[in-house]
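Student: Here you go, sequence then predicted model.
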Amino acid sequence: MRKIFVAGNWKLNKTIAEAKDLVNAMLPELEKITNVDKAVCPSYLAVPAVAEVCKGTSLKVGAQNVYWEDSGAFTGEVAPKMVAEVCDYVIVGHSERRAMFGETDETVNKRLKAALEAGLHVIVCVGETLEENEAGETEAVVSRQLKQGLADITAAQAEKITIAYEPVWAIGTGKAATPEDANNVHKNVIRPLLTAQFGEARAQAMRIQYGGSIKPDNAAELFAMSDIDGGLVGGASLKADSFVEIIRAASMVTIVVEESEK
Ligand code: PGA
C-alpha cells in the first residue's frame, strides 16, 4: 500500500507561542509512530518557530499558501524560496482560498509550478461545493480543477505532489463524506486523471488525501479505503490528542492492511 500521509492544516489559528506549545505536546507521541508520514501547516509567522521545534524529528512542516514570483513589488506575498528556506511543504488551492481570496485554477497552477521549482512538496487541494455536489457536478468540477491545476506538470515533478480531495460541504461542518463516496472520487475520478497525465506507475505511487471533518472516530474507516492515502485535517489537528489519535488510526490501518497483503 501507499504510505499514509496525514497533514494538519491549522488555518488562521495559534499564535507563535501557542503553535510551539501544540507541536511540543504532540511530538513525543508522534515520534513513536514511524509507519505514517505526517506534517503540520501553521500560519506563516509560526512556521519558522514550529520548524525549529520539529528539526530532526519525523514531523514535517508546511505553509498554507505561497506566491509564484521570487521577489518584487507584491506587497503582502511570500515567495517560494522564502518558504523553502524554513520548511518542506506547502498547501495550494485550498477551497477557502478559492472562495474568499480569489484563487483560480490558473493561479493554483502558477503557485504549484513555482513551489516545485523551489524544491517544495506541494499539497494541491480540489473539491466541489454543496451546490455542485447536489447538481451532480462533482466529477466535472474535480476534473477541471485537477487538469488545470496540474497543467504542464511532468511525471518527474509529480513525485513531489500530493492531491487533497476536500469536498467543500464537508470542511469544518462535522459532516464528512462517507468513506465509499470519497473513495469513489479518489479511485474513479482523480487516480485515472493522474494516470492519464503521469502514467500508471507514478499515479499509483501518488498519495490522494481526503479532507473534510476527519476526526479520531472516522479516520480509520476513511484510511482503510483503497484509494484514500491519508488526510488533510483542519479542526482536529488543533488539539494534540485528536491529531495524535488520527495518526494512530492511520498507523493501525497500515498494520492491518500490510498483514492482510502477506
Ligand atoms: P476540517 O478542515 O478538518 O476542519 O473539516 C479540513 C481542511 O480544510 O483542510
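Tutor: On my side now, so go ahead.

Student: any idea how far the residue in the stretch 101-250 of the chain positioned nearest to the ligand lies from Leu222?
Tutor: Per Cβ to the nearest ligand atom, Gly234 is where the stretch 101-250 of the chain lies closest to the ligand, at 2.2 Å. Heads up, the C-betas are built off the backbone N, CA and C, glycines and all. Gly234 is 14 Å from Leu222, where distance means Cβ to Cβ, to the nearest Å.

Student: between the two, which one's more packed in?
Tutor: Leu222 (26 against 22; other Cβ atoms under 10 Å).

Student: Torsion angles phi and psi at the more buried one?
Tutor: Main-chain torsions, Leu222, degrees, to the nearest 10: phi -70, psi -50.

Student: so it touches Leu232, yeah?
Tutor: No: contact criterion Cβ atoms under 8 Å: Leu222 and Leu232 do not qualify, at 11.4 Å.

Student: Are there residues contacting both of these two? Which ones?
Tutor: Residues touching both Leu222 and Leu232 (Cβ atoms under 8 Å, 6 or more residues apart in numbering) are 210, 214.

Student: so what's Lys81 up against?
Tutor: 70, 118.

Student: So for it, what's the pLDDT?
Tutor: On the pLDDT scale, Lys81 is placed at 98.

Student: Point me to the helix or strand that includes it.
Tutor: helix 80-86 (DSSP states H and E).

Student: Could you do Gln204 as well?
Tutor: Here Gln204 sits within helix 200-205, counting by DSSP H and E.

Student: Could you list every helix and strand in contact with that helix?
Tutor: Contact here means 3 or more Cβ pairs under 8 Å, 6 or more residues apart in numbering; DSSP states H and E; on that basis helix 200-205 packs against helix 191-198.

Student: Enumerate the positions of the helix it packs on that are buried.
Tutor: By 16 or more other Cβ atoms under 10 Å, the buried positions in helix 191-198 come out as 191, 193-194, 197-198.
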